[in-house]
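S.K.: heads up, no residue letters with this:
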């Protein structure tokens, strides 16, 4: 979805405030939310993709105001309200380990292939950042097939897809004002990519 | 309602529904605060600096290599791969996650606040040189910047360059020189 979470390239957020020796959890509730989310996902409240999508569905003003663990808290509340209402038991997930899956087909692309990302604006969860939509890149690495977040987030199955690291020249992404000598590498699933003729 | 009260409420509900146990939450928070942190990554880096064969295995496939050192437990169990990118005289690597805040928990622990900030997530992919300069790292124009946007379940860690004048140091002393920020790529040692 075209949400506030898709921050790559945005203007207006100012300087990075890097403070040395900050506490991991400045407030105690943040640590509890962190651990609660881990256990709730492990116990089947939601898979990680659905959890991320719950964060993305947060109203933009609250997303910016509530901080990282505030977003996680919102996601826990949202998913609990959606899924823990009735008497139905939560199903334990089949997999609690890696997202890598065996598939009985070959990867469509090889290292060095020129590709273009698709120009789609799905309302649901996706992992193609907006700044890299409809852009030309080159396959830099081919990874194993993995659970496809776009379907898995919505309970439409894991439908594994090959994953690639795709290299984008900074000028392709940011035009003439791009910094020289910079390349951005993004991990993208096969459906996002088309052969560049 | 305050964040703390909301957290109590959701914890109560999750416990009632049998999804979590409060004692386990206590234990995990303590573990994050005390056991899982950038110290692991520092030891990985120091080992790579002193053992060329390990360095080669680490750059080939990160997760099996860090398991040799006893890391890579279930901290990041869903991760597909750990990819380690080596800084050189001509290439500087920088890690970000623009969509959420994916971070190599298995080697660096939980991410610092600035890594999760809107400023970092928005700027690292568009103007990495300017961002690094603001953070005190001026890269020469002939050094290529490679930014890794962790948009799937591959996690990245930077292998920083070994500082000059450290030839005589052992692994433990070298590990003490390695900072978290150098393994994200916003600092050189």
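M.R.: Nice, thanks for sending it over. Everything numeric in this text was worked out from a predicted model, so none of it was measured.
S.K.: drop to CA atoms for contacts and neighbour counts, all remaining ones
M.R.: Noted.
S.K.: what is the three-state secondary structure of residue A:191?
M.R.: helix (DSSP: H, G, I helix; E, B strand; the rest coil).
S.K.: before we move on, what about residue B:146?
M.R.: In three-state terms, and counting by three-state DSSP, residue B:146 is strand.
S.K.: quickly list what it is bridged to.
M.R.: With DSSP bridges as the criterion, residue B:146 is bridged to residue A:183, residue B:93.
S.K.: pretty sure it sits against residue B:96.
M.R.: No: the criterion here is C-alpha atoms under 8 Å, and residue B:146 misses it with residue B:96 at 10.9 Å.
S.K.: all helices for chain B, in order.
M.R.: Per DSSP state H, chain B carries helices over the ranges B:3-16, B:22-34, B:39-50, B:52-60, B:62-68, B:105-108, B:118-123, B:128-134, B:171-177, B:180-184.
S.K.: okay, now the domains of chain A?
M.R.: Listed by automatic domain parsing, the domain ranges of chain A are A:1-93, A:114-195.
S.K.: in TSV, list those along with mean pLDDT and mean neighbour count.
M.R.: Below are the domains of chain A laid out as TSV (pLDDT from 0 to 100; neighbours: other C-alpha atoms under 10 Å in any protein chain shown):
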stretch	mean pLDDT	mean neighbour count
domain A:1-93	93	17
domain A:114-195	97	20
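S.K.: out of everything not next to it in sequence, what's closest to the most centrally placed residue in chain A?
M.R.: For chain A, residue A:127 is the residue whose C-alpha lies nearest the centre (C-alpha atoms, centre = their mean; 4.5 Å). Counting by C-alpha to C-alpha, 6 or more residues apart in numbering or on different chains, the nearest residue to residue A:127 once its immediate chain neighbours are dropped is residue B:151, at 5.9 Å.
S.K.: quick one: residues contacting the one you found.
M.R.: Applying C-alpha atoms under 8 Å, 6 or more residues apart in numbering or on different chains, we find residue B:151 in contact with A:127, A:128, A:129, A:186, A:187, A:188, B:97, B:98, B:99, B:102.
S.K.: okay, and which of those residues map to strands?
M.R.: A:186, A:187, A:188 (DSSP state E).
S.K.: which residue ranges make up the domains of chain B?
M.R.: For chain B, automatic domain parsing gives the domain ranges B:3-33, B:37-184.
S.K.: okay if I get these as JSON lines plus mean pLDDT?
M.R.: Shown next, in JSON lines, are the domains of chain B (pLDDT from 0 to 100):
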{"stretch": "domain B:3-33", "mean pLDDT": "93"}
{"stretch": "domain B:37-184", "mean pLDDT": "95"}
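S.K.: out of those domains, deepest packed?
M.R.: domain B:37-184 (a mean of 20; mean count of other C-alpha atoms under 10 Å in any protein chain shown).
S.K.: that domain: end-to-end distance?
M.R.: Chord length of domain B:37-184, first to last residue, is 13 Å (C-alpha to C-alpha, to the nearest Å).
S.K.: that domain: how far from the chain's middle?
M.R.: Computed by C-alpha atoms, centre = their mean, to the nearest Å, the chain-centroid distance of domain B:37-184 equals 6 Å.
S.K.: do the same with stretch B:19-28
M.R.: Mean-position distance between stretch B:19-28 and its chain equals 25 Å (C-alpha atoms, centre = their mean).
S.K.: so it, near chain A or not?
M.R.: Yes: Stretch B:19-28 is in contact with chain A by C-alpha under 8 Å from any C-alpha of the partner chain, via B:19, B:20, B:25, B:26, B:28.
S.K.: chain neighbours aside, what residue packs nearest to residue A:51?
M.R.: residue A:75 (6.4 Å).
S.K.: hmm, I was thinking of residue B:111
M.R.: Counting by C-alpha to C-alpha, 6+ apart, the nearest residue to residue B:111 once its immediate chain neighbours are dropped is residue B:103, at 6.4 Å.
S.K.: contacting residues around the one you found?
M.R.: Contacts of residue B:103 by C-alpha under 8 Å, 6+ apart are B:96, B:97, B:110, B:111, B:150, B:155, B:156.
S.K.: what's the most distant pair in these?
M.R.: Maximum pairwise distance in these, criterion C-alpha to C-alpha, is 15.0 Å, between B:110 and B:150.
S.K.: the spatially closest residue to residue A:195 that is not a sequence neighbour: what secondary structure?
M.R.: With C-alpha to C-alpha, 6+ apart as the criterion, residue A:195 has its nearest non-adjacent residue at 4.8 Å, and that residue is residue A:115. What three-state DSSP gives for residue A:115 is strand.
S.K.: I'd like the distance between residue B:110 and residue B:82.
M.R.: 15 Å.
S.K.: now the end-to-end length of stretch A:156-172.
M.R.: One end of stretch A:156-172 sits 33 Å from the other (C-alpha to C-alpha).
S.K.: what sits up against that stretch?
M.R.: With C-alpha under 8 Å, 6+ apart as the criterion, stretch A:156-172 contacts A:101, A:103, A:107, A:135-149, A:151-152, A:177-191, B:126.
S.K.: from the chain's centroid, how far away is it?
M.R.: With C-alpha atoms, centre = their mean, you get 11 Å for stretch A:156-172.
S.K.: ok, and the closest non-adjacent residue to residue B:38?
M.R.: Nearest one to residue B:38, counting by C-alpha to C-alpha, 6+ apart, is residue B:108 at 3.9 Å.
S.K.: residue contacts, that neighbour?
M.R.: Residues counted as contacts of residue B:108 (C-alpha under 8 Å, 6+ apart) are B:36, B:37, B:38, B:39, B:40, B:41, B:180.
S.K.: what angle do the longest helix anywhere in chain A and helix B:3-16 make?
M.R.: Ranked by residue count and defined by DSSP H, the top helix of chain A is helix A:60-83. Interaxial angle of helix A:60-83 relative to helix B:3-16 (axes from the mean of the first three to the mean of the last three C-alpha atoms, to 10 degrees): 20 degrees.
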